[in-house]
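Asker: the sequence and its predicted three-dimensional model are supplied below.
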There are 2 protein chains.
Amino acid sequence: MSSQNDRILMKHGAGGRAMRKLVEDVFVKDAPDGLPEGSVGLSAMDDGAAIPIGGGKFLVVTADSHVISPIFFPGGDIGRLSVSGTVNDLAMMGATSVLALTCAVILEEGFPREELERIQASIRATCKEASAPIVTGDTKVMGRGEIDGIVISTTGVGITEHVIRDAGFRAGDRVIVTGTIGDHGLAVLSARHNLGIEGDLRSDVAPIGSLVALVMARHPGAITAMKDPTRGGVASALHEMAHKAGVGVVLDQNALPISSEVRGAAELLGIDPLVVANEGKAVMGVRAEDADAVVATLREHPLGKSAAIIGTVTSDRPGSLVLDTGFGRRLVAEPEGEPLPRIC
Amino acid sequence: MSSQNDRILMKHGAGGRAMRKLVEDVFVKDAPDGLPEGSVGLSAMDDGAAIPIGGGKFLVVTADSHVISPIFFPGGDIGRLSVSGTVNDLAMMGATSVLALTCAVILEEGFPREELERIQASIRATCKEASAPIVTGDTKVMGRGEIDGIVISTTGVGITEHVIRDAGFRAGDRVIVTGTIGDHGLAVLSARHNLGIEGDLRSDVAPIGSLVALVMARHPGAITAMKDPTRGGVASALHEMAHKAGVGVVLDQNALPISSEVRGAAELLGIDPLVVANEGKAVMGVRAEDADAVVATLREHPLGKSAAIIGTVTSDRPGSLVLDTGFGRRLVAEPEGEPLPRIC
């Protein structure tokens, strides 16, 4: 007898609890890490892996497939997304200088060559922006109806002396987000469904390695934990970070940087921007004494102008996320998944 | 006005001349390598990239997406293929010890979880066989009809002190293949179309890093060039190697190791095993004086039992492949592409 549990559902790729459980149960459980002492491997389920290579250095490796639809959207395209997503995962691990990117493309038979060339131009421009070289790749073609248009899988390799984990929250840390939230997901949703509001919404997709590098250089050791709030948004990222560190997080609703366009679209659609994907942002845990200075540094950078302290890490309610609305507090449930499919 | 040239065709993913031209024109042309002196980057269009990291060592990086259909076939499955394909690309660059693999999976909504678990078990078993740890991954889900079942993108990272290029053929070298040819492609074709001959055909899919390592250790410097004859088979691999090195290759038809099953199926289907994909083989250029000893070493290894010298590199007819049939010689045209779609 077959049941819903026997089949993969959209939520299994949506960045929330359902995906985490699938990955834990199928890919991570009982997996031998096979890595040297001091590594961050598969079981850490972080933004990437880190492997010591001597001299106090770590090789950082990340991987992503990009299945976004539509492939061109306000503020970006699948090419810019692929490079940014991978470069940002490296940065989240503390590897802000990119040694190498790989790019494997799967195309549907009949895909317009002109679109492929536009995507490739975007990849190249974003690589230049991120100082990230593509060093090798792969090209596959599937038949009509076997794949929807184009899928791009990218991998990043970087080196760092300071690995930053997503599990490093300590009670008392401040929670910082590097800019407005929800822009990517709502821009893509709007473009996909021709909601007529897309003129005002733009994805934030951008490589933010230089932003993270600036903070790491100016405030050594200040960042205790970091994650990019992609699928499932800030809520999913914070749930995972709180869960891993065995701490709670209290968010100040009034401090959340949300553009008026996102606020309007989110209200119209009944979607909470907290659970919507971002592609050019980081959520950081920062030592309390450094938090104001880190925000000031972030705001000096073009990609950090709306950075804000949005909450505090607590020892209460380990694994939970609490929203302080100004009128009272309520628990934010861990999202089952991003409300929108194929968002990245 | 739109023409055939404006659209991606199946042959653009088929490993032959059409794919090479697309990759050159779209991905490689004018691409800044952005790599340190002494690197092997995108423009080399080798099996992977190699980047000097000091101490005489090179970081080797490779990337592949696997779109094979059917996903389970005689002798293997998409999981074993994904690990073997990536480990073998590393080995082809001289990196026989694997530092890290990444694995990004894209699933179709409704995909049976039991099949995913079987594939994951196969990935794990092949990783163990290849001493290759998966260190990070990604999971995406696309809607029904947006992707056919499952696609797996893998990347490999290895370290070597001896980078082997696919461009290193020198006139006088012997050409060695490490075993029988055509097994993978014909086994997959047979399984896909229920030809009723699949009982006799099995894919050769296997990680061959240990086989290459044995030769490199026993015969330092003997291998002048190496490539795995996947899509487009031995003919495509040799065409590319001859073209890059500016040499010709004369193949001895009677020396080609071909199993009786493959020979029978190939004759039945009118397909030349020379252009059919392999997934557990290498084509090597070897210094003439070492060739017999290298074959003897290869034959000691379970994966090299049918290794053979199959030809000679010449200074005549640069870029061309000549088949000596025993009765005369004929030019082998560069395949436009693998005759079978979605073979890897």
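Answerer: Received the coordinates, thanks.
Asker: for the stretch 51-200 of chain A, which segments are assigned as helices?
Answerer: Ranges of helices within the stretch 51-200 of chain A are A:78-92, A:113-130, A:183-193, based on DSSP state H, counting those that start in this stretch.
Asker: what's the angle between the longest one and helix A:78-92?
Answerer: It refers to helix A:113-130. Orientation check (axes from the mean of the first three to the mean of the last three Cα atoms, to 10 degrees): helix A:113-130 against helix A:78-92 gives 30 degrees.
Asker: ok, which of the helices of the stretch 51-200 of chain A comes nearest chain B?
Answerer: helix A:113-130 (5.3 Å; Cβ to the nearest Cβ). Every residue, glycine included, has its C-beta placed from N, CA and C.
Asker: hang on, the earlier thing: winner for burial among the helices of the stretch 51-200 of chain A?
Answerer: Mean neighbour counts were taken over the helices of the stretch 51-200 of chain A using mean count of other Cβ atoms under 10 Å in any protein chain shown, and the top value, a mean of 28, falls to helix A:78-92.
Asker: and that helix, how far from the chain's centre?
Answerer: 9 Å (Cα atoms, centre = their mean, to the nearest Å).
Asker: count of neighbours near A:R7?
Answerer: 17 (other Cβ atoms under 10 Å in any protein chain shown).
Asker: what of A:E261?
Answerer: 20.
Asker: now do A:G156
Answerer: Using other Cβ under 10 Å, the number of residues around A:G156 comes to 31.
Asker: show me the contacts for it.
Answerer: Residues counted as contacts of A:G156 (Cβ atoms under 8 Å, 6 or more residues apart in numbering or on different chains) are A:48, A:60-63, A:86-87, A:89-90, A:95, A:98, A:100-101, A:132.
Asker: then A:F327?
Answerer: A:F327 neighbours (Cβ under 8 Å, 6+ apart): none.
Asker: does it belong to a helix or a strand, and which?
Answerer: Counting by DSSP states H and E, there is no helix or strand that carries A:F327.
Asker: quick one: it from chain B, how far?
Answerer: 38 Å (Cβ to the nearest Cβ, to the nearest Å).
Asker: what does the stretch 101-250 of chain A put close to chain B?
Answerer: A:102-114, A:116-117, A:120, A:124, A:127-128, A:131-143, A:145-148, A:151, A:153, A:155, A:157 (Cβ under 8 Å from any Cβ of the partner chain).
Asker: for the contacts of A:G156, which one is nearest chain B?
Answerer: Taking Cβ to the nearest Cβ as the measure, chain B lies nearest A:A63 of these, at 3.5 Å.
Asker: surely that closest one touches B:A104?
Answerer: Yes: between A:A63 and B:A104 there is a contact at 4.8 Å, judged by Cβ atoms under 8 Å.
Asker: now do the shared contacts for the two.
Answerer: Each of A:153, A:155, B:137-138, B:153 lies in contact with both A:A63 and B:A104 under the rule Cβ under 8 Å, 6+ apart.
Asker: which one of these is nearest A:D292?
Answerer: Comparing those against A:D292 with Cβ to Cβ picks out B:D138 as the nearest, at 35.4 Å.
Asker: so what's the closest one bridging to?
Answerer: According to DSSP bridges, the partner residues bridging B:D138 are B:A104.
Asker: pLDDT score assigned to it?
Answerer: Listed pLDDT for B:D138 reads 96.
Asker: isn't A:C103 up against A:S82?
Answerer: Yes: using Cβ under 8 Å, A:C103 is in contact with A:S82, at 6.9 Å.
Asker: which residues are common contacts for the two?
Answerer: Taking Cβ under 8 Å, 6+ apart as the contact rule, the neighbours common to A:C103 and A:S82 are A:123, A:152-154.
Asker: just the ones of the residues you listed in strands?
Answerer: Judged by DSSP state E, the shared contacts of A:C103 and A:S82 include A:152-154 as members of strands.
Asker: which single one of the contacts of A:G156 is nearest to B:P318?
Answerer: Taking Cβ to Cβ as the measure, B:P318 lies nearest A:A100 of those, at 31.8 Å.
Asker: quick check: bridge partners of the closest one?
Answerer: Where A:A100 sits in a bridge, its partners, by DSSP bridges, are A:V157.
Asker: any idea how far A:R124 is from A:A132?
Answerer: Separation of A:R124 from A:A132 (Cβ to Cβ, to the nearest Å) stands at 11 Å.
Asker: what is in contact with these two at once?
Answerer: When Cβ under 8 Å, 6+ apart defines a contact, no residue borders A:R124 and A:A132 alike.
Asker: just to revisit the earlier point, got a markdown table for the shared contacts of A:C103 and A:S82, with distance to B:A296 and pLDDT too?
Answerer: Below are the shared contacts of A:C103 and A:S82 laid out as a markdown table (distance: Cβ to Cβ, whole Å; pLDDT from 0 to 100):
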| residue | distance to B:A296 | pLDDT |
| --- | --- | --- |
| A:I123 | 47 | 97 |
| A:I152 | 44 | 98 |
| A:S153 | 40 | 98 |
| A:T154 | 42 | 98 |
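Asker: for the residues you listed, work out which two are farthest apart.
Answerer: Taking Cβ to Cβ as the measure, the shared contacts of A:C103 and A:S82 span a maximum distance of 12.6 Å, between A:I123 and A:S153.
Asker: thinking again about what came up before, mind putting the helices of the stretch 51-200 of chain A into a markdown table with distance to A:V26?
Answerer: Below are the helices of the stretch 51-200 of chain A laid out as a markdown table (distance: least, Cβ to Cβ, whole Å):
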| stretch | distance to A:V26 |
| --- | --- |
| helix A:78-92 | 21 |
| helix A:113-130 | 31 |
| helix A:183-193 | 26 |
